[in-house]
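Colleague: here is a sequence together with a model predicted from it:
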Amino acid sequence: MPTVFLGLGSNIGDRHMLLAEAVRMLHLTTGIHIQQSSTIYETDPVGYVEQDPFLNVVVKAQTELSAADLLRRTQEIENELGRTRDIRWGPRTLDIDILLYDHLYIQEGNLLVPHPRMCERAFVMVPLAEIAPDILIPLGKEEQVTAAEVLAHVEGKEGVQPWKPLPWENIPDT
C-alpha cells in the first residue's frame with residue numbers, strides 16, 4: 001500500500017477545528033489509513049501576505065487509492081468544509097495538498113507529485129521533517145533528497161512556530 005504525506009492548512013474560521021475535521025474525514029475514508037501527524041504549526045502567510053496566519057500540519061497515511069482518486073477525495077473534503085478559491089495563495093478555510101505519494105514522480109493533468117513548491121516552503125518542510133526527516137523527496141525522475149536536507153536550506157523557518165499537537169488518534173469516528 002502506498003505511503004502518502006498530506007499537507008493541510010487553514011487561516012479562516014476555526015482553524016483548529018477545520019484541520020481536525022479534515023483529518024477525521026480522511027481517516028473515515030475507505031482506503032485511507034492515517035498513521036501519524038506532525039505538530040500543528042502557526043505560520044506566516046506566503047505569497048499573498050495581507051492575511052491572517054495559517055495553521056499547518058502534515059499527516060502520514062497509507063492508501064489504497066490511486067493518486068488521482070486521492071486528489072479527488074481531498075478536493076471533496078475541502079469543498080465540504082467550505083473551501084473557496086478567490087485569491088491565489090489567499091485566505092482559505094482549508095487547503096489539502098498531496099505532498100508525496102510513495103516515492104513517485106507524477107505529472108498527470110492538474111496532479112503534480114511531489115508538490116511542486118514544497119521544498120521552497122518552510123510551512124511544509126518543518127512539519128514534514130518533524131515526522132519523516134529521512135523521507136526521500138524526488139526532485140525529478142532521477143534525483144532525490146531527504147526532508148531534513150531540504151529543511152536545512154529552506155528560508156522562512158522563523159515564521160513557522162509550534163502551536164499544539166493534533167491528537168488524530170482521539171478524533172471521533174462519527
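Modeller: Everything's here; your move.
Colleague: what comes up buried for the strand ranked longest in the chain?
Modeller: Secondary structure of the chain per DSSP state E: the longest strand is strand 54-63. The neighbour-count check on strand 54-63 (16 or more other Cβ atoms under 10 Å) flags 54-61, 63 as buried. Bear in mind the C-beta positions are built from the backbone N, C-alpha and C, glycine included.
Colleague: so which residues of the protein form helices?
Modeller: 15-28, 67-80, 122-131, 147-153 (DSSP state H).
Colleague: next, the buried residues of the second one.
Modeller: Buried residues in helix 67-80, defined by neighbour count with 16+ other Cβ under 10 Å: 67, 70-71, 73-74, 77-78.
Colleague: do the last one as well
Modeller: Neighbour counts using 16+ other Cβ under 10 Å place 147, 149-151 of helix 147-153 among the buried residues.
Colleague: quick one: contacts of that helix?
Modeller: If you take Cβ atoms under 8 Å, 6 or more residues apart in numbering as the criterion, helix 147-153 is touched by 119, 122, 125-126, 128-129, 132-135, 137, 157.
Colleague: pLDDT below threshold where in this structure?
Modeller: In the prediction, the chain carries residues with pLDDT under 70 at positions 48-49, 85-90, 141, 168, 171-174.
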